[in-house]
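Student: let's see this in three dimensions:
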Amino acid sequence: MKNSFRFFLFFFLVIIAASCDLSKYPIDDPAQVKVDTRLLGKWKVKNKSGADEVYQLSQQNEFKYLVTKIEKKKPTEKHTAFLSNIDNALFLNVYCNDSGNEGYYFLEILDIDPKTNAIKVTSVTDSTVKYLYSPGEVRRWLTENLNNHMIFGDTTLFTKIK
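Tutor: Next up is the predicted model:
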């Protein structure tokens, strides 16, 4: 009985870990929204374990960012990103290609507060994005689900440090 429970628990944890699905496609292709300079700089966030994660956003070109994730005792990660606008909701399309996991994840930028140097974001966590077959389909699905809070994860607050 104990072994069955352990197997079930292990299987459940694997399913949860695999639920961070990436989309094969961005919201727009090519990028349509110019770089927002308010997003440039170094941003800090405390992760769930309490450790600080630092993200450096720098401008690659007129439309794209380079996102560098710096975390103690872990290799630095670099990703490209760009903005998309869906009915005045701003999304950051972040392209990942690490450990055989390739695709886009999406962060909705809920608020940029220059007074407090903070950005509030939420991520699209619904696994449906994994099965969409084109940028147009990604845009259509997000447009239809903008007010469906079930497709989004927790809200994260980033504080600007430089």
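
Student: tell me where this structure has helices.
Tutor: In the chain, the helices defined using DSSP state H lie at 2-18, 135-145.

Student: between those, which gets the lowest average pLDDT?
Tutor: Note on those: helix 2-18 shows the lowest mean pLDDT, a mean of 38.

Student: test my guess that Leu22 contacts Ser127.
Tutor: No. Here Leu22 does not reach Ser127: they are 9.9 Å apart, not a contact under Cβ atoms under 8 Å. For the C-beta atoms, the positions are set from N, CA and C on the backbone; glycine is no exception.

Student: so for the two, which residue has more residues nearby?
Tutor: Applying other Cβ atoms under 10 Å to Leu22 and Ser127 shows that Leu22 carries more neighbours, namely 18 against 14.

Student: which residues are in contact with the longest strand along the chain?
Tutor: For the chain, the longest strand by residue count, based on DSSP state E, is strand 101-113. Under the criterion Cβ atoms under 8 Å, 6 or more residues apart in numbering, residues 20-27, 36, 38-39, 89-96, 118-124, 129-130, 142, 152, 155 lie in contact with strand 101-113.

Student: point out where this structure drops to low pLDDT.
Tutor: Applying pLDDT under 70 to the chain flags the ranges 1-20, 46-51.

Student: tell me which stretches of it form strands.
Tutor: 41-46, 52-59, 64-71, 77-86, 89-98, 101-113, 118-124, 152-160.

Student: just send these back as CSV, with mean neighbour count too.
Tutor: What follows is the strands of the chain, written out as CSV (neighbours: other Cβ atoms under 10 Å):
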stretch, mean neighbour count
strand 41-46, 16
strand 52-59, 17
strand 64-71, 17
strand 77-86, 18
strand 89-98, 18
strand 101-113, 17
strand 118-124, 19
strand 152-160, 16
